[in-house]
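Give me a model of this one.
(one chain, ligands or ions: 3)
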Amino acid sequence: MKNQFIADVLYQIADLLDLKGEVFFKTRAYRMAAQTIEIMDENIEDVVKKGKLREISGIGEALSKKITELVETGELKYFDRLKKEIPTGLLGMLDISGLGPKKVAALYQKLGIKTIEDLQKACIDGKVRNLEGFGEITERNILRGIQLKEKISGRMLINVAFEDGEKYIEYLHGCKEIIRLSIAGSLRRWKETIGDLDILASSDKPDEVMEYFVKYNDVQRVLLKGSTKTSVVLNDNLQVDLRVVEDKSYGAALQYFTGSKEHNVKMRGIAIKQGFKLNEYGLFDKETEKFIVGKNEEEIYKKLGLLFIEPELRENRGEIEASGKNMLPNLVKFENIKGDFHIHSNWSDGFETIENLVNHTRKIGYEYIGIADHSQSLHVAHGLSEERVIEKIKEIEKINKKFSNFKVLCGTECDIKSDGSLDYSNKVLKMFDFVGIGIHMNFKMSPKDITNRILSGMENENVTFLAHPTCRLIGRREPFELNVDKIIEKAVEKDIFLEINAFPDRLDLNDLNVKLAKEKKAKFIIGTDSHNLNHLGFMQFGVATARRGWLEKKDILNTYTYKEVEKKLGL
Ligand code: DGT
Ligand code: CA
Ligand code: CA
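Residues are numbered from 1 along each chain as shown. Ligands and ions are numbered 1, 2, ... in the order given. A predicted model of the protein is given here:
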């Protein structure tokens with residue numbers, strides 16, 4: 001499908017137009033069209049062939065011509081012209097926190113800055129602070145933004161690597177010489193960002209497997225090609241390593257290449273203490289070097305007196321000790337999830353009607369969803385006034401009458417204002433089925449003040465959950481330096497659920513904080529923060545974070561049936 005490709009070009013055009021200083025409604029038209037094409041079920045090529053582009057809402061004549069040219073020729077003259085006019089290096093600068101199109105355009109026009117490297121140098125030289133509208137603080141923030149971007153650069157958000165991995169595995173299933181096949185490395189452990197993708201296969205004909213591996217159509221270049229290890233780089237710059245082993249070593253290799261390194265170091269130590277040697281080929285007798293086991297991961301753990309440890313736990317955070325004592329958690333599974341509490345509809349800044357959201361989530365197998373649109377002060381996200389809240393509640397009542405065995409809960413993602421008060425009156429808050437609260441504006445406060453702001457929001461008796469508690473955006477915004485302990489303690493005291501926000505650049509709370517909060521007896525909800533139908537699929541990353549935080553089914557509100565949720569929320 002070309003949909004993603006077309007959408008990406010349209011998004012880039014919108015960014016370039018922003019940089020040119022074009023009017024808002026023009027760039028918005030491109031973004032809306034990009035979003036529509038990105039998530040629609042039909043293949044854009046078919047739509048063009050049938051001449052039905054204009055029937056899509058928001059696509060007028062000019063856009064329709066451009067999309068047709070792009071679909072039919074793979075190119076767009078208008079886009080090429082724009083790229084000549086405006087250096088594309090500026091696009092990368094838009095990702096730096098604190099920099100919008102106006103600022104980037106000013107940096108280019110006044111200082112001739114075309115790349116992030118130019119920008120970094122100009123900041124260090126103190127040239128940026130003298131520009132109108134910048135100043136010393138902005139200059140420092142830009143530098144920090146660049147460092148943050150570098151910290152993750154070379155690592156990819158999990159959803160992108162996950163999609164690459166799924167497609168590659170599907171392709172490799174076509175190779176007859178492969179006996180067994182699996183994702184390994186950080187992706188198998190569902191870590192929040194992925195450095196490179198590791199794949200493991202067993203085969204008697206490794207050279208033929210490698211030959212097949214490098215022929216994948218998304219490969220940009222081959223880094224090295226041997227008969228045990230081959231590395232390639234995909235078009236999106238993700239590196240993929242394939243190891244091929246004999247089938248009798250497959251379990252040992254899977255254990256080894258799944259990592260983490262820290263988990264493996266500890267495992268090897270345990271093996272040695274018991275008179276074994278453990279490596280990627282198997283478990284051996286230390287003295288005689290005789291092969292003992294290696295075909296499956298389970299038998300390796302078993303031989304060492306351990307219960308099987310799920311990949312998400314393999315970080316040397318106490319899982320090996322817990323396994324030895326039969327104290328491993330019975331981890332929550334995706335199939336346990338019965339609903340989603342954090343969905344935005346087109347009543348605020350989401351793109352979908354509530355009915356479409358219901359139809360889609362019923363297909364996933366959910367029993368209920370919670371619509372949590374933004375609150376009144378959040379104008380940029382079309383937050384709902386108190387009057388609109390009342391209208392929306394009526395609309396949801398109507399929808400609920402249409403469906404049996406499914407419930408839409410009317411909630412809100414209510415802003416915690418700078419003074420710690422909530423963005424709706426208590427009278428309105430009580431009308432909702434549930435109330436999520438979170439910070440969305442005025443982030444620049446001291447750690448102590450921001451902690452107190454959240455704590456005071458949590459004092460309100462109507463609060464159900466705390467949304468994305470640390471407000472980080474991976475690679476773009478550092479988490480608040482909160483007093484996390486205090487927040488967790490308040491949540492336990494007030495019976496407030498902590499959200500695991502499943503949006504891939506948030507994953508907030510993160511795995512470590514989830515584990516910490518569980519140890520302190522906190523309860524959780526998982527929310528996707530969906531703004532369109534595609535985002536609903538992020539639930540799996542929320543579940544993965546829960547698993548990495550050692551959570552069981554009973555710890556998470558969304559694993560309960562609607563009847564139980566009704567009781568727990570006092571509906
Ligand atoms: P990444 O790629 O940075 O997201 O993280 P991983 O965990 O995928 O790391 P990677 O790709 O360097 O290596 C894959 C696995 O191979 C790693 O999780 C454990 C294993 N491994 C790699 N190097 C070593 C090592 O020096 N010692 C041990 N024990 N295991 C290693
Ligand atoms: Ca890796
Ligand atoms: Ca690797």
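
How far does the helix or strand of the chain with the lowest mean pLDDT sit from its chain's centre?
Least confident helix or strand of the chain, by mean pLDDT, DSSP states H and E, is helix 135-152 with a mean of 83. Put simply, helix 135-152 sits 23 Å off its chain's centre (Cα atoms, centre = their mean, to the nearest Å).

ditto for stretch 292-303
The chain centre lies 33 Å from the centre of stretch 292-303; the measure is Cα atoms, centre = their mean.

Now do it: everything it contacts.
By Cβ atoms under 8 Å, 6 or more residues apart in numbering, the residues outside stretch 292-303 that reach it are 247-252, 254-255, 276, 278, 281-285, 307-309, 323. Every C-beta, even on glycine, is put in place using the N, C-alpha and C of the backbone.

so which residue of the stretch 1-150 of the chain comes closest to ligand 3?
residue 150 (20.3 Å; Cβ to the ion).

how many other residues sit next to that residue?
Residues lying near residue 150 (other Cβ atoms under 10 Å) number 12.

Report how many residues lie close to the residue in the chain positioned nearest to ligand 2.
Residue of the chain nearest ligand 2, by Cβ to the ion: residue 185 (3.3 Å). When neighbours are defined as other Cβ under 10 Å, residue 185 has 23 of them.

returning to what we had before: strands - which of the contacts of stretch 292-303 land there?
Judged by DSSP state E, the subset of those located in strands is 276, 278, 282-285.

Out of those, which end up buried?
Listed as buried from the ones in strands among the contacts of stretch 292-303 are 276, 278, 282-284; burial here means 16 or more other Cβ atoms under 10 Å.

can I get the CA coordinates of whichever strand or helix holds residue 106 in CSV?
Taking DSSP states H and E as the criterion, residue 106 maps to helix 101-111. Extracted C-alpha coordinates of helix 101-111, given in CSV (Å, rounded to 0.1, in the frame of the first residue of the first chain):
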residue,chain,number,x,y,z
PRO,A,101,8.2,26.7,12.2
LYS,A,102,8.5,30.4,12.8
LYS,A,103,11.6,30.1,14.9
VAL,A,104,13.2,27.7,12.4
ALA,A,105,12.4,30.0,9.6
ALA,A,106,14.0,32.9,11.4
LEU,A,107,17.1,30.9,12.2
TYR,A,108,17.5,30.1,8.5
GLN,A,109,16.7,33.6,7.2
LYS,A,110,18.7,35.6,9.7
LEU,A,111,21.6,33.2,10.4
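
neighbouring contacts of that helix?
Helix 101-111 is touched from outside by 15, 18-21, 86-87, 90, 93-94, 113-114, 118-119, 122, 127-128, 131-134, 138, with contacts defined as Cβ under 8 Å, 6+ apart.

Please indicate which of those are buried?
Among the contacts of helix 101-111, those classed as buried by neighbour count (16+ other Cβ under 10 Å) are 15, 18-19, 86-87, 90, 93, 113-114, 118-119, 122, 127-128, 131, 134, 138.

Let me know the secondary structure of the spatially most central residue of the chain.
In the chain, the residue lying closest to the centroid (Cα atoms, centre = their mean) is residue 504, at 0.8 Å. Secondary structure for residue 504, judged by DSSP: H, G, I helix; E, B strand; the rest coil, is coil.

can you pull the pLDDT of it?
What the model reports for residue 504 is a pLDDT of 96.

Same check on residue 1?
51.

what bridges to residue 181?
For residue 181, the beta-bridge assignment (DSSP bridges) gives partners residue 201.

so it makes contact with residue 212?
No. Assessed by Cβ atoms under 8 Å, residue 181 is found out of contact with residue 212, at 11.6 Å.

In the chain, which residue sits closest to ligand 1?
residue 259 (1.8 Å; Cβ to the nearest ligand atom).

what about residue 219, how many neighbours?
Neighbours of residue 219 (other Cβ under 10 Å): 15.

Now do the residue lying closest to it once chain neighbours are set aside, the pLDDT please.
Leaving aside its chain neighbours, residue 219 sits nearest to residue 232 (4.7 Å; criterion: Cβ to Cβ, 6 or more residues apart in numbering). At residue 232, the predicted lDDT confidence score is 95.

re the thing from before, for the residue of the chain closest to ligand 2, give me its contacts.
Residue 185 neighbours (Cβ under 8 Å, 6+ apart): 194, 196-198, 241, 257-259.

and those residues near ligand 2, which?
196, 198 (Cβ under 5 Å from the ion).

Among the contacts of residue 185, which are located in helices?
When DSSP state H defines the helices, the subset of the contacts of residue 185 inside them is 257-258.

could you dump the contacts of residue 185 to JSON lines with neighbour count, distance to residue 490 and pLDDT?
As requested, the contacts of residue 185 are arranged in JSON lines below (neighbours: other Cβ atoms under 10 Å; distance: Cβ to Cβ, whole Å; pLDDT from 0 to 100):
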{"residue": "194", "neighbour count": "24", "distance to residue 490": "34", "pLDDT": "96"}
{"residue": "196", "neighbour count": "17", "distance to residue 490": "40", "pLDDT": "96"}
{"residue": "197", "neighbour count": "25", "distance to residue 490": "40", "pLDDT": "97"}
{"residue": "198", "neighbour count": "23", "distance to residue 490": "40", "pLDDT": "98"}
{"residue": "241", "neighbour count": "18", "distance to residue 490": "44", "pLDDT": "97"}
{"residue": "257", "neighbour count": "20", "distance to residue 490": "42", "pLDDT": "98"}
{"residue": "258", "neighbour count": "23", "distance to residue 490": "37", "pLDDT": "98"}
{"residue": "259", "neighbour count": "20", "distance to residue 490": "35", "pLDDT": "96"}
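
Pull the number of nearby residues for residue 295.
17.

And it, how far from ligand 3?
According to Cβ to the ion, to the nearest Å, residue 295 and ligand 3 sit 23 Å apart.

how is the chain carved up into domains?
1-81, 87-153, 156-245, 250-324, 334-569 (automatic domain parsing).

Single out the most deeply packed of these.
With neighbours defined as mean count of other Cβ atoms under 10 Å, the domains of the chain peak in mean count at domain 334-569, which reaches a mean of 20.

Cheers, nothing more for now.
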